[in-house]
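*Asks:* The following comprises the amino acid sequence and a computationally predicted model.
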Amino acid sequence: MKVTRLSDLVGQDPAIRLFRRALSAGKLAQTYLLVGPEGTGKETCVASLVREIFCENGEGCSGCRACQKLTRGVHPDFMILRPQGESIRIAQVRAAEEFLRFRPLEAPVRIVLVPEAERLTPEAANALLKSLEEPPAYAHFFLTAVSAEALLPTIVSRSQVVRFRPLPPALIEKILVERFGKNPEEARSLALLAEGSLGRALALSEKGLLEGLNRLIGVSRNPDPALKLRAAETLAQKREDLSELFYLVRLWLWYSFLWARGLCEFPKVFPEPAPAERALSLLDLAERLRQGLERYLNPELTLLLFILRLSEAFSGSP
């Protein structure tokens, strides 16, 4: 089931009530900042809200011309400023300024969505601030971010902040089973690992990250150096997924540490636990390597280094 209306969004009732009141009163704020963990529905909420505002039937019907244009990403009154590479650049904000110079063509308002607003460059953030100070009456901005602290205080002060909370594991499990057809055991494990993020649970399932983790652990236990090198080469090809893979590695290590002390259930979707006495040092290494990848460390060599260190841990080498 695809979320197309605010009523389809679950687990964020305070945010939904806020937007419902604004729509009913006809008093939509000109700038909203949606903050909360990744994968908790911030961008989905904005997309659903835009669909309801633009829909020719007023309910996000998915069938009218406006809804179909939004689905195809070609509606002339809706613009999204996604990061280009690592950043949202000043040229993109300038394009949004030009977009807002003109009145709406088909919808009642014009809307600009800035997902991952913490990725605005300083120049882009200052340019956006000027747009937020005196926007035309028909213009509305929606920004999303993990935390308001990552943005200019002046941008935050000009925004109505809407907070999104981590989803309870039981709710994530229910959604995975009912909306995405996961079997209950897999859904339970994914919900346990997701840390309140439905988006992360889906990524773990659909991007093959669990398979990547199993491959990483499997080759670490194999004495063949060529196999380790080939695994590092293969995993490095999906560089865009490596941050999530190392997140999963860190979860595996943490659960290994806690499980060895009888403090938690060990997820069934994980490979065998890591050596408990080395789990914390490997945890620290995994985080340092994840941060290094964000600073453009060679992904293949990074993965190979971790595989070798993990192999030493399994073999009991000092």
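*Replies:* Arrived safely, thanks for sending.

*Asks:* all strands for the protein, in order.
*Replies:* Ranges of strands in the chain, per DSSP state E, are 31-35, 78-80, 110-114, 139-145, 160-163.

*Asks:* how big is the angle separating the first one from strand 110-114?
*Replies:* In terms of direction (axes from the mean of the first three to the mean of the last three C-alpha atoms, to 10 degrees), strand 31-35 departs from strand 110-114 by 30 degrees.

*Asks:* elements contacting strand 31-35?
*Replies:* The contact analysis (3 or more C-beta pairs under 8 Å, 6 or more residues apart in numbering; DSSP states H and E) places strand 31-35 against helix 42-54, strand 139-145, strand 160-163. The way it works is simple: take the backbone N, C-alpha and C, and place the C-beta from them, glycine included.

*Asks:* So which of those is nearest residue 188?
*Replies:* Closest to residue 188 of those is helix 42-54 (C-beta to C-beta; 23.0 Å).

*Asks:* before we move on, the earlier item: looking at the helices and strands packed on strand 31-35, spot the one closest to residue 61.
*Replies:* helix 42-54 (8.6 Å).

*Asks:* For the closest one, buried residues please.
*Replies:* Judged by neighbour count using 16 or more other C-beta atoms under 10 Å, the buried positions of helix 42-54 are 42-54.

*Asks:* got the contact list for that helix?
*Replies:* Residues outside helix 42-54 that contact it (C-beta atoms under 8 Å, 6 or more residues apart in numbering) are 3-6, 8-9, 12, 15-16, 19, 23, 28, 34-36, 58-60, 62, 66-67, 70, 75, 77-78, 106-109, 111, 113, 115, 142, 144, 164.

*Asks:* rerun at 7 Å
*Replies:* By C-beta atoms under 7 Å, 6 or more residues apart in numbering, the surrounding residues in contact with helix 42-54 are 3-6, 8-9, 12, 15, 19, 34, 36, 59-60, 66-67, 70, 75, 78, 107-109, 111, 113, 115, 142, 144, 164.

*Asks:* low-scoring stretches of this structure, by residue?
*Replies:* 1-4, 317-318 (pLDDT under 70).

*Asks:* can you give me the helices for it?
*Replies:* Using DSSP state H, the helices of the chain run over 13-25, 42-54, 65-72, 90-100, 122-133, 153-157, 169-178, 184-193, 198-206, 209-220, 225-236, 242-260, 276-294, 299-315.

*Asks:* Going by neighbour count, which residues of the last one are buried?
*Replies:* Taking 16+ other C-beta under 10 Å as the basis for neighbour counts, the residues of helix 299-315 that come out buried are 299, 300, 302, 303, 304, 305, 306, 307, 309, 310, 311, 313.

*Asks:* that older thread, so which of the strands of the chain comes closest to residue 262?
*Replies:* Short answer: strand 160-163, nearest of these by C-beta to C-beta, at 35.4 Å.

*Asks:* What is the burial count for residue 108?
*Replies:* The number of residues packed near residue 108 is 11, by other C-beta atoms under 10 Å.

*Asks:* Next one: it from residue 202, what distance?
*Replies:* According to C-beta to C-beta, to the nearest Å, residue 108 and residue 202 sit 33 Å apart.

*Asks:* about what we covered before: what is the nearest of the buried residues of helix 42-54 to residue 233?
*Replies:* Closest approach between the buried residues of helix 42-54 and residue 233, by C-beta to C-beta: residue 43, at 33.4 Å.

*Asks:* Which of the helices and strands packed on strand 31-35 sits closest to residue 241?
*Replies:* With C-beta to C-beta as the measure, helix 42-54 is the member of the helices and strands packed on strand 31-35 nearest residue 241 (19.1 Å).

*Asks:* Find out how far the closest one is from the centre of the chain, if you would.
*Replies:* On the basis of C-alpha atoms, centre = their mean, to the nearest Å, helix 42-54 sits 17 Å off its chain's mean C-alpha point.
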